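Trainee: this one's sequence-less:
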């Protein structure tokens, strides 16, 4: 196994984990307007569900609680695109009023761990690559393996390397097929917040580590990982449209629709072609929402904090904002 390949994979995953993962200008089409025209009743029903969902609309929210500093929560998107920047005046005002930046992942810190990947440290090898009998090469059809090999050519990674990865991890990485520039997180909202924090010598903390994010996928039952990978391969050709749809919904602040699509609650339309297995969505969103809120609350109690996490983590009954509201915080939409 080449050291350079393992290092590249490590850096890539730092940049692409969570909702979507690719750079801008991928040639995709926003599918929602066409869907709304062809299926007006289904679209209207989905819009109604999103409106009724807790915090289904908006990107920036103000947190307040008696005797505690005011903090803010921003939904971000891990798909770099020039349309997000510069950050709006309201976002910058909230950011400048906060003492601490709290991100989903502190990429500066995590990138410093890439040296372990270069040394092929056992913990990295174990996190990235499956055991015999559970590798994609062991269960994918010949046609699917050829598909992975073709993707490998596009992204500069040998097919055998990809076919030895953990299945859910490979599935998460397949957006590289549509946008080989994936992982350029510094060009997105998260990267801009990190850059501004460092520029202003503001403390930057991460709610999760790369190992924990990898564990979210790797701890899924093997059957679920297989299903996720099969699904990703079926719809990889739709990735440009999926990403453009996500970006447009994000720009419009329609986070509820993003979540409904991921949950498969819009039968005629989902962001990824079809909903992911329930166990996958629970692990990717619900379980992590609870963990991130548990870790954020002690900091929110002592510092004015600018909390920025993937947009799909915010809305819904099990979203971060509802969990904070249930903990006694007043949550107000700012933008």
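Mentor: On my side now, so go ahead. If you're wondering where the values come from, they're calculated on a predicted model, not measured in any experiment.

Trainee: Strands of this structure, residue ranges please.
Mentor: For the chain, the strands defined by DSSP state E cover 60-64, 71-76, 100-105, 203-208, 305-310, 330-333.

Trainee: closest to residue 172 out of those strands?
Mentor: Closest to residue 172 of the strands of the chain, according to C-beta to C-beta: strand 305-310, at 13.1 Å. All C-beta atoms are positioned from the backbone trio N, CA, C, and that covers glycine.

Trainee: Please identify the pairing partners of the closest one and their relative orientation?
Mentor: Paired with strand 305-310 in the same sheet, following DSSP bridges, are strand 71-76 (parallel), strand 100-105 (parallel).

Trainee: ok, residue 305 - how many residues close by?
Mentor: Neighbourhood size, residue 305 [other C-beta atoms under 10 Å]: 23.

Trainee: Not counting its neighbours along the chain, what's nearest it?
Mentor: residue 71 (4.3 Å; C-beta to C-beta, 6 or more residues apart in numbering).

Trainee: For residue 210, see how far away residue 44 is.
Mentor: 41 Å (C-beta to C-beta, to the nearest Å).

Trainee: Tell me which of those two has more neighbours.
Mentor: residue 210 (23 against 11).

Trainee: Give me the pLDDT for the more buried one.
Mentor: Here the pLDDT value assigned to residue 210 is 80.

Trainee: Am I right that it is in contact with residue 105?
Mentor: Yes - counting by C-beta atoms under 8 Å, residue 210 touches residue 105, with 6.8 Å between them.

Trainee: Tell me where the model's unsure across this protein.
Mentor: Filtered on pLDDT under 70, the chain yields the residue ranges 1-26, 107-121, 175-187, 268, 270-275.

Trainee: Need the outlier residue of it, farthest from its centre.
Mentor: When distances to the mean C-alpha position of the chain are computed (C-alpha atoms, centre = their mean), the maximum falls on residue 67, with 33.0 Å.

Trainee: check contacts around that one.
Mentor: Applying C-beta atoms under 8 Å, 6 or more residues apart in numbering to residue 67 gives no contacts.

Trainee: so how far is residue 28 from it?
Mentor: Where residue 28 is concerned, residue 67 sits at a distance of 47 Å (C-beta to C-beta).

Trainee: if we can go back for a sec, could the strands of the chain be laid out in TSV, adding distance to residue 150?
Mentor: Putting these into TSV (distance: least, C-beta to C-beta, whole Å) gives the following:
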stretch	distance to residue 150
strand 60-64	41
strand 71-76	31
strand 100-105	30
strand 203-208	32
strand 305-310	29
strand 330-333	44
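
Trainee: of all the ones you listed, which lies closest to residue 32?
Mentor: Closest among the strands of the chain, using C-beta to C-beta: strand 71-76, at 17.7 Å.

Trainee: Outside of the closest one itself, which residues are in contact with it?
Mentor: Counting by C-beta under 8 Å, 6+ apart, 58-64, 91, 94-95, 97-98, 104, 188-190, 193, 250, 255, 300, 303-314, 320-321, 324, 331, 334 sit against strand 71-76.

Trainee: what sits against the closest residue to residue 29 other than its chain neighbours?
Mentor: The shortest distance from residue 29 to any residue other than its chain neighbours is 5.1 Å, reached at residue 241 (C-beta to C-beta, 6+ apart). With contacts taken as C-beta under 8 Å, 6+ apart, residue 241 has the following neighbours: 28-31.

Trainee: now do residue 327
Mentor: Applying C-beta under 8 Å, 6+ apart, the residues near residue 327 are 293, 297.
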